[in-house]
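Enquirer: coordinates only, sequence not included:
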């Protein structure tokens, strides 16, 4: 084989090796980038623990009776749809708690929420029977003037404590607060507005 042929073969082999090295470098770089993106996704999305939302949804009254401005009072009962929305990538196991219903800062009723679990990326739905009465209100309350306006403002507060578990091993304690305000229309006997923080 002549010298130019040897040089040509040597150049071709060198070119093939260079292309092979380039493919390896591209492959390794792509693999490293993929691993970094995967790790960032895991840390920023999967491992980001959030407090579940603890709320009461709109409801219909079973009974609602009110007094007059001169003799203010109320008694009401309804089924409260309590919702625990868990946006984490793991279940939220929470302890039993209570939700207090207040009027003007005075407790007018209370319900118990049993210990349970809200699955990952889901909303736990609990329906509880609620009975509220104005019997504990002081005579100096604003109930009379509110009854004359046809609207009663109530609040519901509660605290839900539990643990979020991701991938069966990573656990973090989270606390969810319920703080809802509802305006009850005594004429239509319906919830006029309901807002939760």
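Expert: That came through, no problem. Since we're looking at a predicted model, the values are computed, not measured.

Enquirer: domains of the protein?
Expert: Domain assignment for the chain by automatic domain parsing gives 1-46, 53-196.

Enquirer: ranking the ones you listed by burial, who's on top?
Expert: domain 53-196 (a mean of 16; mean count of other Cβ atoms under 10 Å). (Glycine included, C-beta is placed from N, CA and C.)

Enquirer: Next, the distance between the ends of that one.
Expert: 10 Å (Cα to Cα, to the nearest Å).

Enquirer: cool, stretch 136-154 as well?
Expert: From its first residue to its last, stretch 136-154 covers 14 Å (Cα to Cα).

Enquirer: Residues contacting that stretch, please?
Expert: Stretch 136-154 is contacted from outside by 66-70, 72-74, 101-104, 106-108, 132, 134, 181-187, 192, using Cβ atoms under 8 Å, 6 or more residues apart in numbering.

Enquirer: what is the residue nearest the centre of the chain paired to in the beta sheet?
Expert: Residue closest to the mean C-alpha point of the chain, counted by Cα atoms, centre = their mean, is residue 53 at 2.6 Å. Note on residue 53: beta-bridge partners by DSSP bridges are residue 85.

Enquirer: tell me the pLDDT at it?
Expert: Predicted confidence (pLDDT) for residue 53: 96.

Enquirer: In contact with it, which residues?
Expert: 83-85, 87, 176.

Enquirer: swap in residue 75?
Expert: By Cβ under 8 Å, 6+ apart, the contact set of residue 75 is 63-65, 131-134.

Enquirer: In which helix or strand does it reside?
Expert: Using DSSP states H and E, residue 75 maps to strand 74-86.

Enquirer: Excluding residues flanking it in the chain, which one is nearest residue 119?
Expert: In this structure, residue 119 finds its nearest non-sequential neighbour in residue 91, 5.3 Å apart by Cβ to Cβ, 6 or more residues apart in numbering.

Enquirer: And residue 131, by the same measure?
Expert: Nearest non-adjacent residue to residue 131, counting by Cβ to Cβ, 6+ apart: residue 77, 4.8 Å away.

Enquirer: what do you get for residue 154?
Expert: Nearest non-adjacent residue to residue 154, counting by Cβ to Cβ, 6+ apart: residue 182, 5.2 Å away.

Enquirer: so where's this structure uncertain?
Expert: 1-11, 36-47 (pLDDT under 70).

Enquirer: what's the following helix or strand after the strand holding residue 75?
Expert: As assigned by DSSP H and E, the chain's next helix or strand after strand 74-86 is strand 92-94.

Enquirer: All good on my end, thank you.
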